[in-house]
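Enquirer: Task: produce atomic coordinates for the following.
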Amino acid sequence: LRAIGELGYRPNALAKSLSHGRTDLYALLVPDLANPYLATLAQALEHEFFARGKVLLVGDSHDDPDRETLILEAFLRQQIAGLVWYGVNQPLPLDLLEESRVPVVLLNQPTSPPQNDFRAVGLSGRPGIWSVSADERLEGRLATEHLVEHGRRTIVIVAGPNGRCNARERVRGWEKALRCADLPSSAPIHVPFTREGGRASVDHVLEMGADAVVASNEMQAIGLLNGLHLRGVRVPEDVAVIGINGTPLAEYASPSLSMVEMPAPAVADRIARALSDEGDAGGVAITPYVVARASCGCGNVSERIEDGTP
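Expert: Residues are numbered from 1 along each chain as shown. Okay, the predicted model is just below:
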């Protein structure tokens, strides 16, 4: 042992992985690390795996399906012990997943009916694949209902790109909340899930005479705030704003942003437990909730609201 220490010997992890068929490496593949929610989730996952003596690799596909496939193939060549995959809007890579036998947690995959809990998807009978997704429809409904409670009557939605499953589900939740409140709906404003997309939506928002806006993610909401400020529109006095998939960054916007949140640390804990074989990963659902701040008219104190009540 003393000789090992003096020589600075390090076990060969690659050789170990070849003998066991797996390494202590896990991988996360996301479409855009500039998205604050995905960056927060990546950090939370890294913390969970590090606490278990594991290392997390992170890949960013930049919303490019071809790049996504290449990164996924590269991860699988590294003999990873598990994969967390938040995919671009394309069909699941069934052949790769079937062949690899690597345990996988799928994020952002629509379920019918929508679910916000882990479930074994039984992909062609292959074990070790779970899915966790927010109930995107519920997120859209919660955001809209909160604006209705503030007395807003012309509530528009800044959705993501047309055809994206998560954008579509949030729009459906917005539509349902408006129907329940006997309020009219308008055409969704489809823009990218970016700050630039949010800012570009402002002209459409004002043309529609909106007194409130649901932004489909935090980046859009921040861009929307900036665009409204540049046009001299007061938030929330003239137009109230609420976003979806918030992070701690929302509190530092001006005014502070009200958000529907899906807590990244809780999601990361569930994912790590699923991939580490730490019992049943599907015991307790992870439910989104509203964090009310100034942009909707609730003031500067962050207040968590669940099931319509503080």
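Enquirer: can you list contacts of stretch 230-239?
Expert: With contact meaning CB atoms under 8 Å, 6 or more residues apart in numbering, stretch 230-239 is reached by 150, 202, 205-206, 210-213, 225, 228-229, 241, 255, 294-297. (C-beta placed from N, C-alpha, C; glycine too.)
Enquirer: Among these, name the buried ones.
Expert: Those of the contacts of stretch 230-239 that meet the buried threshold are 150, 202, 205, 210-213, 225, 228, 241, 255, 294-297, by 16 or more other CB atoms under 10 Å.
Enquirer: any idea where the helices of this structure begin and end?
Expert: Secondary structure of the chain (DSSP state H): helices at 2-7, 13-20, 36-51, 65-77, 94-100, 136-149, 165-180, 195-200, 202-207, 218-230, 264-275.
Enquirer: And these: which comes nearest Leu57?
Expert: Taking CB to CB, helix 65-77 is the member of the helices of the chain nearest to Leu57, at 6.6 Å.
Enquirer: quick one: buried residues of the closest one?
Expert: Buried, per 16+ other CB under 10 Å, within helix 65-77: 68, 71-72, 75-76.
Enquirer: Please identify which of those residues is nearest to Glu48.
Expert: Nearest to Glu48 among those: Phe75, at 18.0 Å, using CB to CB.
Enquirer: Quick check: pLDDT value at the closest residue to the closest one other than its chain neighbours.
Expert: Of all residues not flanking Phe75 in the chain, Ala27 sits nearest, at 4.2 Å (CB to CB, 6 or more residues apart in numbering). For Ala27, the pLDDT comes out at 97.
Enquirer: For Ala27, which residues count as its bridge partners?
Expert: Counting by DSSP bridges, Ala27 forms beta bridges with Leu57, Leu83.
Enquirer: Could you check how many residues crowd around it?
Expert: Neighbourhood size, Ala27 [other CB atoms under 10 Å]: 23.
Enquirer: next one: the one 10 residues further on
Expert: By other CB under 10 Å, the residues close to Tyr37 number 24.
Enquirer: Likewise for the one 3 residues further on?
Expert: By other CB under 10 Å, the residues close to Thr40 number 21.
Enquirer: Please apply the same query to Tyr252.
Expert: By other CB under 10 Å, 8 other residues sit near Tyr252.
Enquirer: any idea how far it lies from Glu218?
Expert: 11 Å (CB to CB, to the nearest Å).
Enquirer: Please apply the same query to Leu107.
Expert: In terms of CB to CB, Leu107 sits 17 Å off from Glu218.
Enquirer: Between those two, which is the more surrounded one?
Expert: Shown here are Leu107 and Glu218; by other CB under 10 Å, Glu218 has more neighbours (26 against 20).
Enquirer: which residues touch that one?
Expert: Contacts of Glu218 were listed using CB under 8 Å, 6+ apart, and they are 35-37, 243-247, 249-250, 257, 259.
Enquirer: How about Glu99?
Expert: Applying CB under 8 Å, 6+ apart to Glu99 gives no contacts.
Enquirer: hey, what's Ser131 bridged with?
Expert: Leu106, Arg119.
Enquirer: no, scratch that, I was asking about Ile242
Expert: Val214, Ser258.
Enquirer: Give me the nearest residue to Gly198, chain neighbours excluded.
Expert: The shortest distance from Gly198 to any non-neighbouring residue, by CB to CB, 6+ apart, is to Gly223 (2.7 Å).
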